[in-house]
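Have a look; sequence and predicted model below, questions after that.
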Amino acid sequence: MQILLVIMLCVLLLVLGCGVWRLALGPSLPDRILALDFMAYAAVGFMAVLVVVTDEPLLLDVAIALALVAFLGTIAFAHFIILDQREDEDER
Amino acid sequence: MNVESWWEVAALSLMGLGCLLMLIAAIGILRMPDVYMRLHSATKSATLGVGCVVLGVALYYHDPSTWLKSLLVILFFLLTAPVGAHMLGRAAHRSGVRMARETLSDDLAQVPLAERRRQDHRGAVAEEWGTEE
């Protein structure tokens, strides 16, 4: 059972690595924001597996807080992209 | 491998399924040709994957407070993931991110710019106060 949990943690680390790869590679700004959002998802999954591994249910609170911050960050970034676009259109 | 009860088996298989879904989402993020397709992959399958993992944790612990927190996490993801993805896709389209060459139709491109600006938040506020146009 421990081995299964460790395999799950490794898979989630790999998923996080894919997110980092897309963050470095992403051709456009929305790509990078999407990668950040996805990495937060992977981190929440990682925390959830870590709850079972370390037998510490309090970590679920950390997962909740992380999900909240990730959502607000995504919304704020998208909003700033739209505001930037509007200013560009106004200058033209 | 010794497991004590049936719900531990169920919990572990749910968590494994969730990890597999996250892996599928990661492959989609790396391989999809387009921001919009990547959004599709990252939002849907990642939500399902995180939901499965957290549900597995709740099933593993089997006590009321963990159930409550886990259901809270799942509900939160179900509420916020579509909103975030919609905002991001809209921002990408507005800032002119190109679609993949295989894309067949783009309905939003046929809406004229003035109409789009009227639907925009700041445009709506400005119109209400009579400061624009």
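Received, thanks. These numbers come from a predicted model, not from an experiment.

So what's the residue count around A:Met47?
Other residues lying near A:Met47 total 24 when counted by other Cβ atoms under 10 Å in any protein chain shown. C-beta: built from backbone N, CA, C; applies to glycine.

Identify the residues contacting it.
A:59-60, A:62-63, A:66 (Cβ atoms under 8 Å, 6 or more residues apart in numbering or on different chains).

which of these are close to chain B?
Contacts with chain B within the contacts of A:Met47, counted by Cβ under 8 Å from any Cβ of the partner chain: A:60, A:63.

which stretches of the chain have low pLDDT?
Using chain A here. Applying pLDDT under 70 to chain A flags the ranges A:92.

switch to chain B, that's the one I care about
Ranges of chain B meeting pLDDT under 70: B:1-4, B:111-133.

quick check: longest helix of it.
helix B:64-94 (DSSP state H).

one step back: buried subset of the contacts of A:Met47 as a PyMOL selection?
Command for PyMOL that selects the buried part of the contacts of A:Met47, burial taken from 16 or more other Cβ atoms under 10 Å in any protein chain shown:
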select buried, chain A and resi 59+60+63+66
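
could the contacts of A:Met47 be laid out in CSV, adding secondary structure and distance to A:Val53?
Output for the contacts of A:Met47, formatted as CSV (DSSP: H, G, I helix; E, B strand; the rest coil; distance: Cβ to Cβ, whole Å):
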residue, secondary structure, distance to A:Val53
A:Leu59, helix, 10
A:Leu60, helix, 13
A:Val62, helix, 14
A:Ala63, helix, 14
A:Leu66, helix, 17
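
tell me which of the contacts of A:Met47 is nearest to A:Leu9?
A:Leu59 (13.1 Å; Cβ to Cβ).

Spit out the contact partners of the residue nearest to A:Val44 when sequence neighbours are not counted.
Using Cβ to Cβ, 6 or more residues apart in numbering or on different chains and skipping the chain neighbours, the partner closest in space to A:Val44 is A:Ala63 (4.7 Å). For A:Ala63, the contact set (Cβ under 8 Å, 6+ apart) comprises A:44, A:47-48, A:51, B:54, B:73.
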